[in-house]
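# Give me a model of this one.
(one chain, ligands or ions: 2)
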Amino acid sequence: MRLKQLPSEFQKALPVLEKIKSAGYEAYFVGGSVRDVLLGRSIHDVDIATSSYPEETKSIFHRTVDIGIEHGTVLVLENQSEYEVTTFRTEDVYVDFRRPSSVNFVRSLEEDLKRRDFTVNAFALDETGQIIDLFNGLEDLENRVLRAVGKAEERFGEDALRIMRGLRFAATLDFSIDKTTFDAMTQQAPLLEKISVERSFVELDKLLRASYWRKGVEALIASKAYHYLPDLAKQDVALSEMLKSLASDFLFTSSEQAWAALLIYCHHANPKLFLKKWKTSNDFQKNVISILEIYQKRLNQAVDKATLYRYGKDLVFLAEKLREGAGLSVDFRIIEELDKELAIHDKHEIVVNGASLMRDFGLKPGPELGKILKSIEMAIVDGHLCNTKEAIDAFVREELSFG
Ligand code: ATP
Ligand code: MG
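Ligands and ions are numbered 1, 2, ... in the order given. Okay, here's the model as predicted:
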């Protein structure tokens, strides 16, 4: 099959291919971008595979960066863009199921395509628009089927991350998974325990953020892969509950929201520990737990100004959207109005501070000062106190006389 016209992203990258070719090597576009063009999806990064070895690639271009030379990848800066140019290589030999123990560079495109995970990820595209399809990927693409390249069981045995990638592609591409491939995923799922948590996180996160996340979660449950992921063992009922509870057209709008939903339905006793086991950043943990707290608070009460002030409108909206997805009552307009009514959104907007109170009222640093500052802050947030010096001074005098 030949593309009638190379999409602009590839056109722009053509000089890279041409330079490698005129140096006497082969070069092709490969990977997700070729698949996405054939599916009419938007392309992100254009990857190039070549028969030139990394040092040879580097000598062809003026500007390159060594970004993964041990895997054969050189970043080429050309035409105001960056392209990952990777030497053809054979299947990596994995000793610990995590990192390849060695990489073998080869001169054969076929060898390189053989090591790729799924048939629809194993196309090569040449400069004329010709698609090289050694594994019937075009037919699978037509039928929207995800099929492992080669013997599925072996391929997942070599690298169990491919199981997570498969579930993720089902969710992003809206593909079904070929039966033999799916059976092999199920069979090899226990190997997921050996995969680095960070890599599994990336895949599960992409799965949840995908347009067809329900398909991904269904496959995650059916393959029992969840069982071998951090703190998700035995959570099939919870995952099914999540599918049942959230409306069929519900989509997660942020990763934090998606992971908060996981925690809501899994009823985890210690959400922080769960997120730590997934090796997420402190910021991520904080936001997920905030969404969770807002959601839980909202089960018993309406959104109030104190909640909005504490967590900020964005996180409150994310929690509220989860409520909406679960068919619970929501009122985004009220949240907007309350947010507009908030006299302050940050304590630094208060016209007094610790230093000024110490000066004006002879207070000393310590818990009493902290308590007064907090009461001022909350009284302003609730709307009982004006954020003016006179009003606050009167408020402090009263606090001190009662205190
Ligand atoms: P995305 O749209 O998410 O970028 P992608 O298919 O481009 O999807 P990448 O992770 O960017 O995925 O990898 C580029 C290509 O490298 C894949 O299309 C596939 O051919 C190959 N590949 C990546 N990871 C693996 C793996 N674990 N095993 C085998 N092949 C892989
Ligand atoms: Mg990619």
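# Now the strand or helix carrying Arg323: buried residues?
For Arg323, the host element (DSSP states H and E) is helix 313-325. Going by neighbour count (16 or more other Cβ atoms under 10 Å), the buried part of helix 313-325 is Lys313, Leu315, Val316, Phe317, Leu318, Ala319, Glu320, Lys321, Leu322, Glu324, Gly325. Yep, even glycine has a C-beta here, placed from its N, CA and C like the rest.
# Now do it: which elements does it pack against?
Using 3 or more Cβ pairs under 8 Å, 6 or more residues apart in numbering; DSSP states H and E, the elements in contact with helix 313-325 are helix 255-266, helix 282-298, helix 332-341.
# what do you get if the cut-off is 10 Å, keeping everything else the same?
Using 3 or more Cβ pairs under 10 Å, 6 or more residues apart in numbering; DSSP states H and E as the contact test, the elements touching helix 313-325 are helix 236-245, helix 255-266, helix 282-298, helix 305-311, helix 332-341.
# Tell me how far whichever residue of the stretch 201-350 of the chain sits closest to ligand 1 lies from Trp213.
The minimum distance from the stretch 201-350 of the chain to ligand 1, using Cβ to the nearest ligand atom, falls at Lys206 (6.8 Å). As defined by Cβ to Cβ, to the nearest Å, Lys206 lies at a distance of 9 Å from Trp213.
# Same question for Leu263.
From Leu263 to Trp213 the distance is 16 Å (Cβ to Cβ).
# residues in contact with Gln130?
Listed by Cβ atoms under 10 Å, 6 or more residues apart in numbering, the contact partners of Gln130 are Met1, Arg2, Leu3, Tyr28, Ala124.
# number of nearby residues for the residue of the stretch 201-350 of the chain closest to ligand 1?
Lys206 has 19 neighbours, counted by other Cβ atoms under 10 Å.
# ditto for the one 4 residues further on
Ala210 sits with 23 neighbouring residues when counted by other Cβ under 10 Å.
# Identify the residues contacting the closest residue to it other than its chain neighbours.
Spatially, and ignoring its direct neighbours in sequence, Ala210 is nearest to Ala171 (3.8 Å; Cβ to Cβ, 6 or more residues apart in numbering). Contact analysis of Ala171 by Cβ under 10 Å, 6+ apart lists 203-204, 206-220.
# Put the buried members of these into a PyMOL selection.
The buried residues among these can be selected in PyMOL (16+ other Cβ under 10 Å) with this line:
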select buried, resi 203+204+206+207+208+209+210+212+213+214+215+216+217+218+219+220
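# mind checking the SS state of the residue nearest to Ala210?
helix (DSSP: H, G, I helix; E, B strand; the rest coil).
# what about it, distance to ligand 1?
11 Å (Cβ to the nearest ligand atom, to the nearest Å).
# Also Asp36?
Going from Asp36 to ligand 1 by Cβ to the nearest ligand atom gives 6 Å.
# just checking, that residue touches Phe169?
No. Using Cβ atoms under 10 Å, Asp36 is not in contact with Phe169, being 11.2 Å away.
# Looking only at neighbour counts, state which of those two leads.
Ranked by neighbour count (other Cβ under 10 Å), Asp36 and Phe169 place Phe169 first, with 26 against 18.
# who's in contact with the closest residue to that one other than its chain neighbours?
Nearest residue to Phe169, sequence neighbours excluded (Cβ to Cβ, 6+ apart): Leu146, at 5.5 Å. By Cβ under 10 Å, 6+ apart, the contact set of Leu146 is 117-121, 140, 165-167, 169-170, 173, 175-178, 181-182, 185, 219.
# can you rerun that using 7 Å?
By Cβ atoms under 7 Å, 6 or more residues apart in numbering, the contact set of Leu146 is Phe118, Val120, Gly166, Phe169, Ala170, Phe175, Ile177, Asp178, Thr181.
# Which of these sits closest to Leu299?
Ala170 (32.5 Å; Cβ to Cβ).
# Can you read off the pLDDT for the closest one?
We have a pLDDT of 98 for Ala170.
# how deep is it tucked in, by neighbour count?
Ala170 has 26 nearby residues by other Cβ under 10 Å.
# Roughly how far does it sit from Val288?
When distance is defined by Cβ to Cβ, Ala170 is 24 Å away from Val288.
# Find the closest residue to ligand 1 in the stretch 1-150 of the chain.
Gly32 (2.1 Å).
# Could I get the contacting residues of that residue?
Asn121.
# What parts of this structure come near ligand 1?
Gly31, Gly32, Asp47, Arg116, Asp117, Asn121, Ala122, Asp159, Leu161, Arg162 (Cβ under 6 Å from any ligand atom).
# Look up which helix or strand the nearest residue to the fifth one once chain neighbours are set aside falls in, please.
Meaning Asp117. Once flanking residues are discounted, Asp117 sits nearest to Arg162: 4.7 Å by Cβ to Cβ, 6+ apart. Under the criterion of DSSP H and E, Arg162 resides in helix 161-173.
# can you give me the strands for the stretch 1-150 of the chain?
Assigned by DSSP state E, counting those that start in this stretch, the strands in the stretch 1-150 of the chain fall at 27-30, 47-50, 64-68, 73-78, 81-87, 93-94, 100-102, 124-125, 131-132, 145-146.
# what would the ones you listed look like in JSON lines with distance to Asn282 and mean pLDDT?
Shown next, in JSON lines, are those (distance: least, Cβ to Cβ, whole Å; pLDDT from 0 to 100):
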{"stretch": "strand 27-30", "distance to Asn282": "37", "mean pLDDT": "98"}
{"stretch": "strand 47-50", "distance to Asn282": "32", "mean pLDDT": "98"}
{"stretch": "strand 64-68", "distance to Asn282": "27", "mean pLDDT": "94"}
{"stretch": "strand 73-78", "distance to Asn282": "30", "mean pLDDT": "96"}
{"stretch": "strand 81-87", "distance to Asn282": "30", "mean pLDDT": "96"}
{"stretch": "strand 93-94", "distance to Asn282": "31", "mean pLDDT": "66"}
{"stretch": "strand 100-102", "distance to Asn282": "31", "mean pLDDT": "67"}
{"stretch": "strand 124-125", "distance to Asn282": "42", "mean pLDDT": "98"}
{"stretch": "strand 131-132", "distance to Asn282": "45", "mean pLDDT": "98"}
{"stretch": "strand 145-146", "distance to Asn282": "35", "mean pLDDT": "98"}
